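Q: Sequence below, structure please.
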Amino acid sequence: MNAGNDNRPPRGALAVVAVGLLATVLAALLSTTKPIGAVALDWEESAAIPDSPRVEIPGGGAMRISEGELRSGEPNFAGYQLFRVSAVLTIDAGSAVGQGRVRCRTDVPQRAIPAKTPGSRASYPRSSSDVDLLTEQSEVPERVLVDFSSHGTDVASVELEDAFRDFSNLPGVVVSWPEYRPALQEWQWGLPSGRPSRPLQLGFASIWRTTVTPRSTITCTVESSAGEAAARTAGTLG
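A: Numbering: from 1, shown residues only. This is a model prediction of the structure:
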């Protein structure tokens, strides 16, 4: 028997180590927001979208669209550029919105095309049906991936975390997307029962690609048993 072979680790142990290392590498690749081959693009220009007027809610309370912003990146070789629309809807504490529905929509130029992430549109928060936003999407991603040809790659990483702090700051809120319509992204939130004990904030953002000047109109509507109210604002970049 060759004495030198007695010091070798068993083949089974080597296989376990190899599988463990592979799993670690795969986990790291899947968890990153900038996979190998993606280019990090910066938002080059920005313009604030004016706050909407404060709108009274039937039954008591009020709401306002604020923190609105348009941000855009540099054009690629085909003349397309990415742009982002973001805003926050704030509903006053004590407003009569219990078990009501909130709809917010961003309308963009007809020639704008929704940016795509792997398997979906680049709109946030994601549609999560009946799952509490604080459970399903507790944190705003620092950066997100979109399909966009630039600097020799087909995938770009762009910042989202700077848009707002939370998708929702109170428990019990759920969100869904209606059927897609061109040049429009809409979110529908379902609210828990009762009046909010503190101001309810709902953050939302969508990313688009276009060859025309980025602009957007934002409309938020509250519907409850007491009636309906809508807040609107708009902005243009450049």
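Q: Thought residue 194 was touching residue 170, still the case?
A: No - counting by Cβ atoms under 8 Å, residue 170 stays clear of residue 194, with 10.5 Å between them. Where you see a C-beta, it was placed from the backbone N, CA and C, and this is true even at glycine.
Q: Of the two, which one has the most company?
A: residue 170 (19 against 10; other Cβ atoms under 10 Å).
Q: what is the nearest residue to the more buried one once chain neighbours are set aside paired to in the beta sheet?
A: Distances taken as Cβ to Cβ, 6 or more residues apart in numbering place residue 200 nearest to residue 170, at 5.2 Å, with adjacent residues excluded. Counting by DSSP bridges, residue 200 is bridged to residue 91.
Q: In terms of helices and strands, where is residue 221?
A: In this assignment (DSSP states H and E), residue 221 forms part of strand 215-224.
Q: and that strand, what other elements does it pack with?
A: strand 62-72, strand 81-91, strand 101-107, strand 227-236 (3 or more Cβ pairs under 8 Å, 6 or more residues apart in numbering; DSSP states H and E).
Q: Dead centre of this protein: give me the residue that sits there.
A: residue 124 (2.1 Å; Cα atoms, centre = their mean).
Q: Looking at the strand holding residue 221 now, give me its mean pLDDT.
A: Strand 215-224 shows a mean pLDDT of 97.
Q: outside of it, which residues touch it?
A: If you take Cβ atoms under 8 Å, 6 or more residues apart in numbering as the criterion, strand 215-224 is touched by 49, 52, 57-59, 63, 65, 68, 70, 85, 87, 89, 91, 96-109, 228-237.
Q: is it true that the residue nearest to residue 170 touches residue 98?
A: No - applying Cβ under 8 Å as the test, residue 200 and residue 98 come out as separate, 11.0 Å apart.
Q: Overlap in contacts, those two.
A: Joint contacts of residue 200 and residue 98 (Cβ under 8 Å, 6+ apart) are residue 191.
Q: the more surrounded of these two?
A: residue 200 (24 against 15).
Q: sorry, back to before: send over the strand holding residue 221 as PDB, restricted to the C-alpha atoms.
A: Provided in PDB are the C-alpha atoms of strand 215-224 (Å, rounded to 0.1, in the frame of the first residue of the first chain):
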ATOM      1  CA  ARG A 215     -42.200  64.100 -19.200                       C
ATOM      2  CA  SER A 216     -45.000  62.600 -17.100                       C
ATOM      3  CA  THR A 217     -48.400  63.400 -15.600                       C
ATOM      4  CA  ILE A 218     -49.100  61.700 -12.300                       C
ATOM      5  CA  THR A 219     -52.700  61.200 -11.000                       C
ATOM      6  CA  CYS A 220     -53.700  59.600  -7.700                       C
ATOM      7  CA  THR A 221     -57.300  58.700  -6.800                       C
ATOM      8  CA  VAL A 222     -58.800  57.600  -3.500                       C
ATOM      9  CA  GLU A 223     -62.100  55.700  -3.600                       C
ATOM     10  CA  SER A 224     -64.000  54.800  -0.500                       C
END
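Q: tell me which residues in it are buried?
A: Using 16 or more other Cβ atoms under 10 Å as the test for burial, strand 215-224 gives 215, 216, 218, 219, 220, 221, 222, 223, 224.
Q: Quick check: which ranges of this protein have low pLDDT?
A: 1-37 (pLDDT under 70).
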